[in-house]
Structures are given as structure tokens and as C-alpha cells.
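Asker: 3D, please:
(chains A and B)
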Number of protein chains: 2
Amino acid sequence: MTLSGITQRLSHQRTRPPYPNCFTSGVTDSLADALIGIVGSAHVLTGPDMCAPYETDWTRRFSGRSRLVVRPGDAGQVAAIIVACADAGARVVPQGGNTGLVGGGVPRDGEVLVSLRRLEDVADADPVAARLVAGAGATLASVQHTARAAGLAVGVDLASRDSATIGGMIATNAGGIHVIRYGPMRAQVLGVEAVLADGSTLSLLDGPLHSSAGYDLTGLLAGSEGTLAIITRAALRLVPEPTDRAVALIGASDTADAMALAAAARALPSLDAIELFHDSGLALVRSYSGLAAPLERDWPAYLLVECAGSGGTFDELSAFLTGTGADRDIAVAVDPQERRRLWAYREQHTEAIAAAGIAHKFDVSLPLSRLAGFVAAADARVAAHSPQASTITFGHAGVGNVHINVLGLAPDDAHIDDVVFRVVAEYGGSISAEHGVGTAKRDWLHLTHSAVEIAAMRAVKQAFDPKGMLNPGVLLPAQA
Amino acid sequence: MTLSGITQRLSHQRTRPPYPNCFTSGVTDSLADALIGIVGSAHVLTGPDMCAPYETDWTRRFSGRSRLVVRPGDAGQVAAIIVACADAGARVVPQGGNTGLVGGGVPRDGEVLVSLRRLEDVADADPVAARLVAGAGATLASVQHTARAAGLAVGVDLASRDSATIGGMIATNAGGIHVIRYGPMRAQVLGVEAVLADGSTLSLLDGPLHSSAGYDLTGLLAGSEGTLAIITRAALRLVPEPTDRAVALIGASDTADAMALAAAARALPSLDAIELFHDSGLALVRSYSGLAAPLERDWPAYLLVECAGSGGTFDELSAFLTGTGADRDIAVAVDPQERRRLWAYREQHTEAIAAAGIAHKFDVSLPLSRLAGFVAAADARVAAHSPQASTITFGHAGVGNVHINVLGLAPDDAHIDDVVFRVVAEYGGSISAEHGVGTAKRDWLHLTHSAVEIAAMRAVKQAFDPKGMLNPGVLLPAQA
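Answerer: Numbering: from 1, shown residues only, chains lettered A, B, ... in the order given. This is a model prediction of the structure:
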């Protein structure tokens, strides 16, 4: 993927402060010494050259200085690091594959950056229980590889699978195209091992599939973005690896028509994905890729529906399509190459948009019944904000998650976030569907979360991290 | 169902203390006056005759005195009640349909009992989003009725559907036979409305299906057994109502053989239930019901597998059964009456056991790969405890949830709980699969939950309810 569009957008980029408390000639850092005693000198990185790769996220939108980077090799070392940092009054930013999109995994203000990537072990899948235990630093791709060896799959898949780590995906409650079938990352996690702010270790890996004994701490840590604990390992449920797939691309007269089709498709037993895009996005994709028009006619909106299972998906999808109306313009694919061709119209949106200019990007979700109204309102509100702006919307429409891309604005437009998030709030949506809140969105959390809800979240934060040492400045709004 | 077995078991029954602070001649209760001001005099019940129906659970195992019973009509009244109780220093026990099984919904020590049954409104289902909003006091049956009118169903079903309320089912994270397909109650809840201990109201009903913006407060309140907040309303996801079902009953050579079949069945796309029982339970059922033997031969264990969908379930189940081996002894049913007949062997276990004597009952769950070992070990350990004891085990084996019934012991046997829960802990299980912890199991929570986990739960409790006014004595162990 070309990052030209994203990397040129600098509106959120912070000024990089000088390195805080790091080794410079003649200055010693007793915390660094303590950490070297825990993980060895090879895994405590200090100074700009060593730390830089960890201090800027992959989009280059978010960047900050760390005091140092420490790379533990197991949960025991993570616990010792937390104790040492607490003793030194240092704050901590946990980091996985650094593929986050909301600035939640890079330092802000001289924190100790704890990279979990060395916790990359993946145990063989248990085929009876359809589960697997992986270290927080294991990439999604490596877990998928191990699952596949047992004829199973992970319920969440992402384009960044080769870099994104299991710990980061749990911490951000990552989503993707299969949320409609299997739920987001939280729904894949049977239990976590996590180090708490007092250095104690919560071990919830070995439980049964189903329990009603006490608060759901695993579910609470999923999506907490490193603010409550540092996840070091997770037991994941696995799902059957489909052996049979069928995809349909359907022309729709508008977003509402597409969402009506989506509502009907949601009842398909083998449903694996429902994706939405529009004529505006398709035009960019075709211009970028040279692909032919996907259907006989051009349509204002397009819905892609995929079924996956162990057989019969073409029949199931065909029966559904027959029921959608006689004059529908539809392409159906079963053959892998043909399926990839239909998916390309949706999947090439990110690259095509990046090639078209500097996009302001928003990952949001809406109640299904209000999504079509939201898309129209967001278009109108963005146009009112700037006549030069155009909006490309696509995404996981089956669960109400769309990605809004605004082209034609200055990279440093300071108001567009506010414009879009206010429309999201008006339509009862969420300002983050699958990326988390991070530092990028926390100032807008109050638009969609009541004061009571934010107060309850603050109480939870206080309960787990009374000194505020874990990922400060992430998720919760700054206090007045 | 006859309750003779259960109601004679009095080992947990507490001595009923005299009525605390209730209206007796000449004594006034200023809290009662305040509550009458909130809900009206018809809905504040005082004195033994009025309160008694709320003070003993349906099994009659758990019972205690309340200060009074208050029956709010909406969330605003619940909030006002909480504030009045806080002002008066009174503690509160929330109660739904009073169908709990672990003593979590009856008073212990003169608390104010808040009955949520009047919050019974059920809004029409939203067929687009496949969701529905119901009051905490709505019975499962009334919600199922409303869902069915939209061609949909609730993902959890229970035998107590006519009495069990949505609020109580969420609070205990109730399970049932469909957990294997749709997960427990927590997985059905899209959002809750709940009154917190400070009288503020958390309103999480209207969000999108999918969000990664902040801590999962709804998931945390699900399964918290009224100790963190009082749930007043919930948005539930709905699932397709199946129109086509097929059931198979399969003879197995032992529990391990049945669990191997269960592991294979878990991959069936239309799988709706996997239930286990044994020869010992079948003998009681046949003796009680007069039913004929279900299969050609007698087997040590039996697995019931049901598929449900919109078509093709017989073919799907048949293909699975063909793969289970040539000499399997199997009965398959598609016709509703025949399906009911096969289900009867499993469903009549509760009544047949009650008819056979006074059973000590345990709802537990195990990792799938250790369930067979656990069943054998529990049998042996119970027999060692008392040569007169016999153990009947059955349940939702597909998710590792079994119900252990011990017959032949004195009703007041004080040690059997400890015997069984210690085996559960040895085999990595949970002491509560689908009933909650309540007052009945909290003294054993430490067997399966580490000190770190219990401390984290205490911190959460402290965050939500610093004065300990909500359902005291439930879920968390007494502090040393």
C-alpha cells in the first residue's frame, strides 16, 4: 500500500520534544540500569537512533519521544519492568506491531515504551476446544498459520496481518470484514494474561469456554487500549476454516437500497462479509487500477456479499439473490480468481484514495437503520464545510461500520474532525468502530458518551491504575 | 416440575431473622415514607405477609428478611430509590423473576429489596438491526413473543422463560442449550440502561452494533449479579428464528467418546445444541417417565446433537453422522413429535432426579479436553466421600457445561460442595457455568480465581459501589 496520502497528512503530528532523561554523555539513568538488569542490555534501547523506529507509528501521523524502549521476553519481565517504572515514577506506553491508527501506541511525553514484540510464541492449536494460546507480540499472520495447520481459522482478519500483533488487536478491539460473522477481537478472546499496574499478573488463559463466575475482566481489558493493564498473552477461540466461498456484487439505487439488501443478507447462515461502496469510490478505484466496470450498468451504491462454509454457499447466495428482485444487476463469483476480482473493487479503495490526494480518514459506526441517513448528512456537512471537499465512504456495512475519507481539504484542516464526529453523534453512532480512541479521538468522546459513562470509565481506570502510569493520555478525555 | 428434591435440601437455608426496621405498631420508617413518595404506597411493601413472596427464592433454598420491598415503575424511580437508600444508609438487593439458583436475588440481612418486575415493557423488534429493547422486568417469554412477531428469536432460552426476567438473566449471564451457537446472555446484550450506586443512570441502549470507543461497560455489568449497578433496560440482539430442525441421539462408549463426537459436531454450521447424558441418568428418566429405550442398545453415554436453520439441516446432520463411524447406534428425528421424544430423554433429567431423592446440584464448566476426566474424577471423589452417594451428570457438553447431581446424601451434608468444587478446580474448570456465584458459591471462588483476579474484581466493585450498598454478600468472597 502506498502511504503517500496518509503520510502527508500531518495535522495530528506532534512537535517532537528533545529526548527526556535518556543517556547522553555523562548522564546516567538509574531506571535504565534497573531495566537492563531485568531484560539485558540488548533489550533496553536509548537515544534517538535506537528509539526512533518505535516512536512514530506506521502512518507517520503520530510521533513522540520516549525515555527509552524496553523489550521484555516474557510476562515475568513485563511485571518486573512495571514495578521498576512505578518505583521510578515513570509512565509506560505498551506497543505491539505499531500498526495502530489513533496514536495509542506511540509515546507522547517521555514515557517508557514497552515493546511486546518478543512475546511472539504461538502454541499449537487445541483442535478439541478450537482454541490457541499466543503471546501478545505474535503477529496475526503467525497465529493464522498455526490455526490453519489444525484446519481452523482466527475469527478476525486484517490487511495488516503481517505486522499487527495479537496484544494490540485485543487492546484496540480490532474489527475487519468478518465482524458480521464472528464479532470483533473481544469476541475471539477466551482469556488473557496481563500485567496490572501494581506489577501483579492476571492469568485467565486456562478457563473453560463458558463461565458465569465473576466479572468479565478479559472482556474489560479487550478494547482498553493499554490503559488498564499490559496484555502479555491470550487464549483465542478458533473457527472453522471455510473450504467453499461465493461472492456477489450487487448494484443498488442508493445507500438506503444497499442497506435494505444488507439487512436481508444478514440472515444468511453462511454469511461471511457485507461490504458497501459507492460510485465515487468505484470511479477512483477504476481510474487507479484500470479495472473494467464490475456490472452491466453503473450504480450509485454497491453491496458485496460473501458466504463461506463447507459447501453449498453458491446455492445459498443464489437463493438470496433471487429474492432481491428481478431487475437486479449482479455479478456472482465462485472461482478464486473471479472472487478476487470482485473483492478488488472494494479492497483497492484505500490505495486509490491515497493516490488521489491527502485524505482525512474516519472510522465510525452507526445504527444500521440510520446509516444511509448518516452518509447523506456527512456528505452534505463536509460540502458545507468546504466546497472543494469530496467524501468517499465505504466499509463493513453489515455491522454499520463505515470509513469516511474526505479529499480536497488542506492536510492541516483543523475543523474537519469536529464536523464529521458531530454528524456521527447526531445519528447515534460511535466515533470509533474498530481502531480505538487513542490520542486522536479522545477529545470527541464526550459527543457520543455521556458524562455518566465517562465518569464510570474514569472510575474503572482509577481502580486499575490509580497512579495513571499506563498509557497516559489515551482513550479518556483530558480532565477539565 | 416437582420441587420436592430441591426444596427438601436445606443445607444453605439461613435462619430467618426477625423483620428489621419494618412497620410494626407505633414504629415509623422514614425511608419507607421517602420511597412511598417515589413509587406510591401501593408499591412499598412492608411486614412479613407482604414481603414474604420476595424473600424466598423459587427453590426455597435461599431466604432472608428484607427491610421492605419497593417496586419501581421506571428507571427514574429506581434512581430515586437508590439515592433515598444511600441517604438512609440502607443496602439494596435487586430482584427480577426470583428464578436464580445461587441465592443472589433474595435479601440476607434487612436490605431493601428492589423488585424490577414492573419494568416489563418490550418495544417492537427492529427487523433491520435485528434488535429489541426490553425492560429489566420483562420475562424471557414476553421478549421471545415480540421477537417471533418479527420472525426473529432470542439467542438464549431457558426452562424458566415464563418467570425469568431479562434483567436477571443479564445480571447472572444466563446460559442454556444455545450457548454453543450464540454464546451466553452477555453475548446477546448490545447495551444496557443501568442505575449506578450514586443514583446516576448509564444509558447505553442506542449505540451501533459495533464500537471500539472506550471500556465495555455493558459487558462488565453482564454477569455482575447486581453488585455494580441495577440494570433497568437492555437492547438485545436477535437471531433468525429457525424453520427447519434435525436432532440426533448417538450412543457413546464413554464420556470421552461422547466428547470426541461433540468436538467433531462443533464444526457443523447449523449446530444448535450439543447435550450429554449417561446411562445412570437415562435409567432414572425411563423409570420416571416410562419412556422406551431410545436406541437399539444401551450405552454408557449419550450425545444429543441438534441442527437448526432455514433448510438442509437433516442433510447436514446426516453427513456428520455418516462420518462418525459405521457401527454407531443412532436415532435421528426431523418430525416435531419425534424430536420432542428424543429431547425428552435429556430434558426429563431434572424431574426424574428430583423424584429419585434429594439431590445436591452443581452447575460447573470444564475445558472441553478435560471434561471426561473430570466426570470420572468427580464420580470417584463423591463415592469416596460417601459410599451411599451416586452422581448423575448431564448438560451442555458442547461448551463444557455440566450439571452434577449427587443423590444419596443427607440434605444437610456440609462437605459435598467442597468435594465437588475442589475437583472442578483441579480440572481447570469454573464453579459456575450459567447460574452465577451468588451467596451460594462465593466461599469457593478462590479455588478457581487467583488472589490477583479477586483483588481486581474487588477494585472494580469499589469503583462502582464504594459504600458496598448494592447486593452485599453476593459474588465476592467475604474479606478476611
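Asker: And the strands in the stretch 251-400 of chain A?
Answerer: Counting by DSSP state E, counting those that start in this stretch, the segments of the stretch 251-400 of chain A that form strands are A:271-278, A:301-309, A:330-333, A:360-365, A:390-396.
Asker: Not counting its own residues, what contacts the fourth one?
Answerer: Among residues not part of strand A:360-365, those counted as contacts by Cβ atoms under 8 Å, 6 or more residues apart in numbering or on different chains are A:6, A:9, A:11, A:101, A:399-406, A:409, A:413, A:416-417, A:420-421, A:424, A:429-435, B:208-211. Where C-beta positions appear, they are placed from N, C-alpha and C, glycine not excepted.
Asker: can you give me the angle it makes with strand A:390-396?
Answerer: 40 degrees (axes from the mean of the first three to the mean of the last three Cα atoms, to 10 degrees).
Asker: buried ones in strand A:360-365?
Answerer: A:His360, A:Lys361, A:Phe362, A:Asp363, A:Val364, A:Ser365 (16 or more other Cβ atoms under 10 Å in any protein chain shown).
Asker: That strand - what's its average pLDDT?
Answerer: Strand A:360-365 carries an average pLDDT of 95.
Asker: how far does that strand sit from the chain's center?
Answerer: Distance of strand A:360-365 from its chain centroid, counting by Cα atoms, centre = their mean, to the nearest Å, is 11 Å.
Asker: ok, now the longest one?
Answerer: When C-alpha coordinates are averaged (Cα atoms, centre = their mean), strand A:301-309 and its chain have centres 21 Å apart.
Asker: do the third one as well
Answerer: Chain-centre distance of strand A:330-333: 29 Å, with Cα atoms, centre = their mean.
Asker: ok, now stretch A:47-65?
Answerer: 19 Å.
Asker: what's the answer for stretch A:294-303, then?
Answerer: Counting by Cα atoms, centre = their mean, stretch A:294-303 comes out at 29 Å from the chain centroid.
Asker: swap in stretch A:411-419?
Answerer: On Cα atoms, centre = their mean, the centre of stretch A:411-419 falls 22 Å from the chain's centre.
Asker: Looking at the strands of the stretch 251-400 of chain A, which is nearest to B:Ala153?
Answerer: strand A:271-278 (16.7 Å; Cβ to Cβ).
Asker: mean confidence score for the helix or strand where A:Ala141 lies?
Answerer: Using DSSP states H and E, A:Ala141 sits in helix A:140-149. Averaging pLDDT along helix A:140-149 gives 97.
Asker: which of the residues in it are buried?
Answerer: Within helix A:140-149, judged by 16+ other Cβ under 10 Å, the buried ones are A:Leu140, A:Ala141, A:Ser142, A:Val143, A:Gln144, A:Thr146, A:Ala147.
Asker: What of stretch A:234-243?
Answerer: Buried, per 16+ other Cβ under 10 Å, within stretch A:234-243: A:Ala234, A:Ala235, A:Leu236, A:Arg237, A:Leu238, A:Val239, A:Pro240, A:Glu241, A:Pro242.
Asker: re the thing from before, can you redo the buried residues of helix A:140-149 as JSON lines with distance to A:Leu321?
Answerer: Converted to JSON lines, the buried residues of helix A:140-149 look like this (distance: Cβ to Cβ, whole Å):
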{"residue": "A:Leu140", "distance to A:Leu321": "32"}
{"residue": "A:Ala141", "distance to A:Leu321": "33"}
{"residue": "A:Ser142", "distance to A:Leu321": "37"}
{"residue": "A:Val143", "distance to A:Leu321": "34"}
{"residue": "A:Gln144", "distance to A:Leu321": "30"}
{"residue": "A:Thr146", "distance to A:Leu321": "36"}
{"residue": "A:Ala147", "distance to A:Leu321": "31"}
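Asker: nearest to A:Trp444, of those residues?
Answerer: A:Leu140 (28.3 Å).
Asker: pretty sure the closest one contacts A:Gly167?
Answerer: No: A:Leu140 is not in contact with A:Gly167 according to Cβ atoms under 8 Å; the separation is 10.8 Å.
Asker: which residues touch the residue nearest to A:Leu140 when sequence neighbours are not counted?
Answerer: Of all residues not flanking A:Leu140 in the chain, A:Arg161 sits nearest, at 4.1 Å (Cβ to Cβ, 6 or more residues apart in numbering or on different chains). Residues near A:Arg161 by Cβ under 8 Å, 6+ apart: A:Thr139, A:Leu140, A:Ala141, A:Gln144.
Asker: Can you name the two of those residues that sit furthest apart?
Answerer: Most distant of those, by Cβ to Cβ, are A:Thr139 and A:Gln144, 8.7 Å apart.
Asker: Just the closest of the buried residues of strand A:360-365 to chain B, please.
Answerer: Set against chain B, the nearest of those by Cβ to the nearest Cβ is A:Ser365 (3.9 Å).
Asker: partner residues bridging the closest one?
Answerer: A:Asn401, A:Ser430 (DSSP bridges).
Asker: give me the subset of the buried residues of stretch A:234-243 touching chain B.
Answerer: Under the cut-off given by Cβ under 8 Å from any Cβ of the partner chain, chain B has A:Pro240 from those close to it.
Asker: wait, which of the buried residues of stretch A:234-243 is closest to chain B?
Answerer: A:Pro240 (4.9 Å).
Asker: What pLDDT is listed against that closest one?
Answerer: 87.
Asker: Apart from its chain neighbours, what residue comes closest to it?
Answerer: Per Cβ to Cβ, 6+ apart, closest to A:Pro240 is B:Ala267, 4.9 Å.
Asker: Is it correct that the one you found is in contact with A:Val239?
Answerer: No: judged on Cβ under 8 Å, B:Ala267 makes no contact with A:Val239 at a distance of 9.1 Å.
Asker: which SS class is A:Val406?
Answerer: Secondary structure, DSSP: H, G, I helix; E, B strand; the rest coil: A:Val406 is strand.
Asker: Can you tell me how far it is from A:Gly395?
Answerer: Distance of A:Val406 to A:Gly395, given as Cβ to Cβ, to the nearest Å: 14 Å.
Asker: try A:Gly251
Answerer: 18 Å.
Asker: Throw the buried residues of stretch A:234-243 into CSV and include secondary structure, thanks.
Answerer: As requested, the buried residues of stretch A:234-243 are arranged in CSV below (three-state DSSP):
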residue, secondary structure
A:Ala234, strand
A:Ala235, strand
A:Leu236, strand
A:Arg237, strand
A:Leu238, strand
A:Val239, strand
A:Pro240, strand
A:Glu241, coil
A:Pro242, coil
